[in-house]
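In: Starting from these lines, generate the structure:
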Amino acid sequence: MTDEPDNIVLALLRKIDQRTERMADDLQDLKVGVTAMEEGLAGVNRRLDRLEIRVDRIERRLELTDASH
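Out: Numbering: from 1, shown residues only. Purely as a prediction, here's the structure:
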């Protein structure tokens, strides 16, 4: 009888360990995905910054800027 509770506890601990390992793997996948999205967003922001500079230059050439700029 004393072996039975140990086996149940060990079985439960193994299940918890497996679930924790799966969660850690899932978390790692999420971190990789978020990093990729952050890098992509940084690229978009760089392109937008360049476009803003180009639009500003065009507006200055065409004298379309306000005096406040």
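In: Output the below-cut-off pLDDT ranges for this structure.
Out: For the chain, residues meeting the criterion pLDDT under 70 lie at 1-3, 5, 67-69.
In: need the helices for it, in chain order.
Out: Remark: helices assigned in the chain by DSSP state H are 3-61.
In: And the residue most central in space within the chain, how far from Asp26?
Out: Geometric centre of the chain, nearest residue: Val34, 1.5 Å, by CA atoms, centre = their mean. Applying CB to CB, to the nearest Å, one obtains 13 Å for the distance of Val34 from Asp26. Every C-beta, even on glycine, is put in place using the N, C-alpha and C of the backbone.
In: any idea how far the residue nearest to the centre of the chain is from Val55?
Out: Counting by CB to CB, the gap from Val34 to Val55 is 31 Å.
In: do the same with Arg47
Out: Distance, Arg47 to Val55, using CB to CB: 12 Å.
In: Then Met37?
Out: Distance, Met37 to Val55, using CB to CB: 26 Å.
In: likewise Arg14?
Out: To Val55, Arg14 is 61 Å away according to CB to CB.
In: and what of Gln18?
Out: From Gln18 over to Val55 the distance is 55 Å, taken as CB to CB.
In: Repeat that for Leu41.
Out: According to CB to CB, Leu41 stands 21 Å off from Val55.
In: What of Asp17?
Out: On the measure of CB to CB, Asp17 and Val55 end up 57 Å apart.
In: same thing with Leu48?
Out: Computed as CB to CB, the Leu48 to Val55 distance reads 10 Å.
In: One more: Leu27?
Out: Distance, Leu27 to Val55, using CB to CB: 41 Å.
In: Same question for Gly40.
Out: 23 Å.
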